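**Q** The sequence and its predicted three-dimensional model are supplied below.
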Amino acid sequence: MSLVSKLKFKGRDIVAIEDFSREEINYILNISHSMEPFAAKGSDMLKGKILASLFFEPSTRTRLSFEAAMLKLGGSTIGFAEAEIASVRKGENLADTIRTVENYADIIALRHPLEGAAKLAAEFSKIPILNAGSGAEEHPTQALMDLYTLQKEKGKIDGLKIALVGDLRYGRTVHSLAYGLSLYNIELSLISPESLRMRPEVIRAIRNKISIVEDANLEKIISKIDVLYVTRIQKERFPDPAEYAKVKGIYRIDLKTLKSAKKDLIILHPLPRVDEIAAEVDSTPQARYFQQVWNGIVVRMGLLALVLGAVE
Amino acid sequence: MSLVSKLKFKGRDIVAIEDFSREEINYILNISHSMEPFAAKGSDMLKGKILASLFFEPSTRTRLSFEAAMLKLGGSTIGFAEAEIASVRKGENLADTIRTVENYADIIALRHPLEGAAKLAAEFSKIPILNAGSGAEEHPTQALMDLYTLQKEKGKIDGLKIALVGDLRYGRTVHSLAYGLSLYNIELSLISPESLRMRPEVIRAIRNKISIVEDANLEKIISKIDVLYVTRIQKERFPDPAEYAKVKGIYRIDLKTLKSAKKDLIILHPLPRVDEIAAEVDSTPQARYFQQVWNGIVVRMGLLALVLGAVE
Amino acid sequence: MSLVSKLKFKGRDIVAIEDFSREEINYILNISHSMEPFAAKGSDMLKGKILASLFFEPSTRTRLSFEAAMLKLGGSTIGFAEAEIASVRKGENLADTIRTVENYADIIALRHPLEGAAKLAAEFSKIPILNAGSGAEEHPTQALMDLYTLQKEKGKIDGLKIALVGDLRYGRTVHSLAYGLSLYNIELSLISPESLRMRPEVIRAIRNKISIVEDANLEKIISKIDVLYVTRIQKERFPDPAEYAKVKGIYRIDLKTLKSAKKDLIILHPLPRVDEIAAEVDSTPQARYFQQVWNGIVVRMGLLALVLGAVE
């Protein structure tokens, strides 16, 4: 029996990127690639299946991406976004909400402000949970779409020199991505101001697997890297506005920044951006952050198809 | 011609449980039972039909249940929930909203904070209205799913000893359920604090049909009953917080409560619960409140199929 | 080659009514007419296609109309309404939102509080934009449904005597409608208080094409007109409440108003209404404002089918 045939995704929760081996991630990326034509033209693969998107925290982008992925596979969606969680206002706990909604749907995409929420939901749920972001901790489907983008844009992930830039402390995206990248042979630069350095538990988990350099200076490394992954410095995660003011705008990417960069550098960003990438960069061949959005649809289609057993 | 063949549901409004005979309710329960396989696997029975879920008051649970029921029958949904009713902010009355939405959809599920809203909507609407809760008064689809649960879990409704416990004054669920139960040969215990006793108009309507005992003491009857129907004491319905503080938590069900109960007692709850049933009860064989949620889907599928003429 | 065969709608944005010739508008109305049976029974014409309804401003009525139109053609919908635009709260600009959502959907219906928003969106978007209302400026699909209603109810538009009544300054509906009407041989009366007169730029654009009379007095012309188009005086558009109080309720239409009207007068209203048309008028044969709602579905189906290339 081949290794691949032992991979099992049907009924599985997607809670944290650390739960997956390199082999499993490659398998997800391959299945996702096979979804590209269905993303363009639609499919009936999940006809009759229902996705519940439970967003206890606002995220238009991620919610619409999950819902579009389900619809493109022929399924349908129910759900709520922040403003409206009546049962929570009435005092219901997450476990009860999950044990209710599992009767309505075949799979749940869950976004929650608390770390550990997706894990708790998965323990109680009879149907699979897709973590659509929990606290500042994990955002595994974002990490998978980032890895997919690297594979698609650069042909392979191994050998890449990658810089994560900006807020590496509060941004859940970069935490999941760092775990994912540590499964490949890459060189990682972590560029942030002192107050926004990558969380120590992430560093500890990955430092024996890949080469890591931490620095506050982007200019020093810009000419050497293949991938520039920019993040927004999220005002809403700063307890102190004065702290925010200090670091706001320190890594603004513009045409000048790119002068010393490699011709085939690619720039990614989980979006939304505010002004950390200048609009003039959008039309350069390096800018790939809107292609990344498309890849998010494709990867979420792959995950839905795998977890609901439509592909194997 | 048999009695059953005279039953007509196509195009009918579902406004109040009192509008239905025992024969009609049994018929709804039978049709609902025939929906169980479609609830599990989906169906195309209502392909091309649209449900408008108009929720002028928050109720995630009920809204998602109606929408999932419609989707499982192959139909689709439009609608709104509380926060967003722009036309109402602009001063539109309910009759105009209904006469607008009837052009968009084939059936309307309406939740409204005012008593009588569903009845008014049904008078103006050319398409059927399903009352999804109006004021503190009526919640007929909840009552039908409760009756369905009794039939499914206990084999029959006649002969059961049933206790309704908690807030019998403000909870619309127990009002509709009491009317429904009065059509069967059951014995009803109404257990509540003095300030939350069942509304007199409900008592008057049912007291000649079934045996009723009102009491404040659950312990006295716990060993004799077949069905324990627990309700949340709804903080938001108390004008005075001091009144709420007095009655909060007086009927908390835990393992100790169940010690003197029958082995085949079943515990129901319309959900959401706060702490009136301890988490330790969830894993007992008596706990059936999450199965009740599933039954809600099945019964709403039955109603949609009947009222839209997909079954007869 | 005939003139008609040169008309091209596939992939086109519907931003402003001024972008269309009389020939093109007639073509849209004819295609919309062919949608009537599908509006009643459903269709699979747009199976696999996704409409994103992006409502940055509340409008339950217009949003549900677009969504129902898409569902009746077999497509599906994603989207958001006001309360929930997380990415905007995080500081994202409209161009980025559009370049994200174009990856999720096949067409976008956009409602935005700022004038020019739909035009800007169309410049950035790879997929067609349907303007669902931008600022106080344009609402082209409303104008098209109004023209469709005139054609359907009166057999033809040419030759009609039409009065627009109420708030002609802030109501975007009447601006788009006036542009549309100026392509036909009609006589237009603009009835409003001095402070709410039709915007000068609209008057300038249409005064050489059709006969226009501006007046504050409805009684003077009521006996001569074929179409009475009533608008709500929108409290929310008045900077000064005292100004609103002065003009509120000055053109209330009731049975008495209609006494001197033509027997075959028709009364239209973009809805929602507050009290500018008395409820007693609803049951007269002149009242056509709820039929207008149905026509909105039909016209939006026509536009979706044309722009997405399902009909030619």
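**A** Sure thing, it's come through. Residues are numbered from 1 along each chain as shown, chains lettered A, B, ... in the order given.
**Q** what residue ranges in chain A are flagged as low confidence?
**A** A:1-6, A:82-90 (pLDDT under 70).
**Q** SS state for the most centrally placed residue in it?
**A** Nearest to the mean C-alpha position of chain A, by C-alpha atoms, centre = their mean, lies residue A:142 at 1.1 Å. With DSSP: H, G, I helix; E, B strand; the rest coil as the basis, residue A:142 sits in helix.
**Q** before we move on, what about the one 5 residues further on?
**A** Recorded secondary structure, residue A:147: helix (three-state DSSP).
**Q** ok, the residue nearest to the centre of chain A to chain C distance?
**A** 14 Å (C-beta to the nearest C-beta, to the nearest Å). The way it works is simple: take the backbone N, C-alpha and C, and place the C-beta from them, glycine included.
**Q** same question, residue A:97
**A** Where chain C is concerned, residue A:97 sits at a distance of 19 Å (C-beta to the nearest C-beta).
**Q** the helices in chain A, which residues?
**A** A:22-33, A:36-41, A:60-72, A:86-89, A:94-101, A:117-124, A:140-154, A:172-181, A:200-206, A:219-222, A:241-247, A:255-258, A:289-307 (DSSP state H).
**Q** ok so, going back, give the burial count for the closest residue to the residue nearest to the centre of chain A other than its chain neighbours, as a bare number.
**A** Excluding its sequence neighbours, the residue lying closest to residue A:142 (C-beta to C-beta, 6 or more residues apart in numbering or on different chains) is residue A:173, at 4.9 Å. Close neighbours of residue A:173, defined as other C-beta atoms under 10 Å in any protein chain shown, add up to 24.
**Q** thought residue A:173 was touching residue A:270?
**A** Yes: if you go by C-beta atoms under 8 Å, residue A:173 and residue A:270 touch, sitting 4.4 Å apart.
**Q** out of the helices of chain A, nearest to residue B:147?
**A** Proximity to residue B:147 (C-beta to C-beta) singles out helix A:94-101 among these, at 19.7 Å.
**Q** How much space separates the residue nearest to residue A:146 when sequence neighbours are not counted from residue A:292?
**A** Distance criterion C-beta to C-beta, 6+ apart; nearest residue to residue A:146, sequence neighbours excluded, is residue A:177 at 5.1 Å. Distance, residue A:177 to residue A:292, by C-beta to C-beta, to the nearest Å: 12 Å.
**Q** Tell me the residues of the stretch 151-300 of chain A that contact chain C?
**A** Within the stretch 151-300 of chain A, the positions lying close to chain C (C-beta under 8 Å from any C-beta of the partner chain) are A:232, A:234-236, A:271-274, A:290, A:293-294, A:296-297.
**Q** Swap in 7 Å and give it another go.
**A** Neighbours of chain C within the stretch 151-300 of chain A, by C-beta under 7 Å from any C-beta of the partner chain: A:271-274, A:290, A:293-294, A:297.
**Q** Report the two of these separated the most.
**A** The most distant members of those, if one measures by C-beta to C-beta, are A:274 and A:297, lying 23.4 Å apart.
**Q** quick one: which of the two has more around it?
**A** Using other C-beta under 10 Å as the criterion, residue A:274 and residue A:297 rank with residue A:297 on top: 24 against 16.
**Q** residues in contact with the more buried one?
**A** A:39, A:65, A:68-69, C:103-104 (C-beta atoms under 7 Å, 6 or more residues apart in numbering or on different chains).
**Q** how many neighbours does the residue lying closest to residue A:180 once chain neighbours are set aside have?
**A** Excluding its sequence neighbours, the residue lying closest to residue A:180 (C-beta to C-beta, 6+ apart) is residue A:143, at 4.4 Å. Residue A:143 has 26 neighbouring residues, counting by other C-beta under 10 Å.
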